[in-house]
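Student: No sequence on hand, only this structure:
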């Protein structure tokens with residue numbers, strides 16, 4: 001599939017499962033007869049007029065109703081991507097960016113917040129990079145196929161659960177972002193990414209615990225393996241000094257900057273320590 005066609009593909013599948021999503025959230029599936037009237041009703045989020053701190057009256061949306069509509073959209077994306085195994089294989093980081101940029105524009109419509117295409121892509125990229133950072137990916141090959149620490153999922157059911165956790169964590173972060181925008185406060189991209197990463201860690205912890213209980217297997221962790229130091233050679237044993245490692249191949253400046261940016265994302269997400277980040281950054285700079 002052409003990567004540029006993925007968002008439209010998701011939209012088509014989302015419409016196909018619309019009835020299931022509506023049934024899950026208790027929505028009726030009625031045939032629309034008056035397009036203009038129903039469009040006006042659908043855009044009306046309810047709400048009430050209240051007095052603000054300055055004594056002026058202002059409209060307060062019905063947040064519960066808006067959240068319910070947003071959950072329908074997020075639920076649709078979660079079901080479609082889990083059923084089609086869209087995220088882990090074979091699409092790369094740019095595909096995930098496009099997917100969440102599409103979700104961003106749809107949720108912006110629910111909360112009636114104007115979001116430019118450029119801003120939607122920035123948000124999609126922030127969610128994509130944070131996802132890779134949380135799951136321990138270095139982005140060296142710009143691929144999300146190796147997301148899971150340890151290199152595997154414990155079965156398809158766990159894989160679907162992880163995809164669902166990613167979608168719902170993104171949905172929760174975007175809902176809070178657009179609520180703040182409606183109240184006149186636009187959070188920056190970093191705060192959105194941090195909020196998403198924090199929520200995703202919590203949801204993934206629940207997924208891991210459930211998977212271990214269901215399969216009886218201990219999921220791999222990011223801890224470094226214990227290495228037993230070699231025994232000291234006897235005096236009669238001659239030790240051949242190790243050969244010097246071949247010099248690292250030079251890299252282009254643009255490639256080095258991309259890799260440094262990816263390392264910084266891992267450092268911000270807690271996947272790398274400051275010492276590891278500085279060491280790897282220095283190594284890359286020497287290879288330019």
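Tutor: Structure received. Since the structure is predicted, the reported quantities are computational estimates derived from the model, not experimental observations.
Student: same question for stretch 114-126, mean pLDDT?
Tutor: For stretch 114-126, mean pLDDT rounds to 91.
Student: what secondary structure does residue 132 sit in?
Tutor: helix (DSSP: H, G, I helix; E, B strand; the rest coil).
Student: next one: residue 184
Tutor: Using three-state DSSP, the structure places residue 184 in coil.
Student: how many neighbours does it have?
Tutor: A count of neighbours around residue 184, defined by other C-beta atoms under 10 Å, yields 7. Where you see a C-beta, it was placed from the backbone N, CA and C, and this is true even at glycine.
Student: which one is residue 167 nearest to, not counting chain neighbours?
Tutor: The spatially closest residue to residue 167, leaving aside those adjacent along the chain, is residue 78, at 3.9 Å (C-beta to C-beta, 6 or more residues apart in numbering).
Student: Find the helix or strand that residue 70 is a member of.
Tutor: In the assignment (DSSP states H and E), residue 70 maps to helix 63-84.
Student: cool, residue 167 as well?
Tutor: For residue 167, the host element (DSSP H and E) is helix 156-182.
Student: quick one, the following helix or strand past that helix and helix 156-182 angle?
Tutor: Following helix 156-182 in sequence order, the next helix or strand is helix 189-215 (DSSP H and E). With axes from the mean of the first three to the mean of the last three C-alpha atoms, to 10 degrees as the basis, helix 189-215 and helix 156-182 are set at 150 degrees to each other.
Student: same for helix 189-215, what does it pack against?
Tutor: helix 117-134, helix 156-182 (3 or more C-beta pairs under 8 Å, 6 or more residues apart in numbering; DSSP states H and E).
Student: Figure out which of those helices is closest to residue 274.
Tutor: Shortest separation from residue 274 across the helices and strands packed on helix 189-215 is recorded for helix 117-134, at 14.9 Å, computed as C-beta to C-beta.
Student: And the closest one, what's buried?
Tutor: Residues of helix 117-134 classed as buried by neighbour count (16 or more other C-beta atoms under 10 Å): 119-134.
Student: what angle do it and helix 189-215 make?
Tutor: 40 degrees.
Student: doesn't residue 178 make contact with residue 61?
Tutor: No - with contact defined as C-beta atoms under 8 Å, residue 61 does not reach residue 178; the gap is 10.4 Å.
Student: ok, the two, which is more surrounded?
Tutor: residue 178 (23 against 16).
Student: Identify the residue spatially nearest to residue 250, adjacent ones excluded.
Tutor: Spatial nearest neighbour of residue 250, excluding adjacent residues (C-beta to C-beta, 6+ apart): residue 287 at 5.4 Å.
Student: count of residues packed around that neighbour?
Tutor: Residue 287 has 15 neighbouring residues, counting by other C-beta under 10 Å.
Student: and what of residue 64?
Tutor: With other C-beta under 10 Å as criterion, residue 64 counts 9.
Student: With residue 206 instead?
Tutor: Close neighbours of residue 206, defined as other C-beta under 10 Å, add up to 11.
Student: which residues touch it?
Tutor: For residue 206, the contact set (C-beta atoms under 8 Å, 6 or more residues apart in numbering) comprises residue 165.
Student: cool, and residue 100?
Tutor: If you count contacts by C-beta under 8 Å, 6+ apart, residue 100 has them with 123-124, 127-128, 170.
Student: Could you find the closest non-adjacent residue to residue 181?
Tutor: Closest residue to residue 181 apart from its sequence neighbours, by C-beta to C-beta, 6+ apart: residue 113 at 4.6 Å.
Student: That neighbour contacts residue 180, doesn't it?
Tutor: No - when contacts are counted by C-beta under 8 Å, residue 113 is not listed as touching residue 180 (9.6 Å).
Student: give me the number of residues near residue 186?
Tutor: By other C-beta under 10 Å, neighbour count at residue 186 equals 13.
Student: What distance do you get for residue 72 to residue 165?
Tutor: Distance check for residue 72 against residue 165: by C-beta to C-beta, to the nearest Å, it reads 18 Å.
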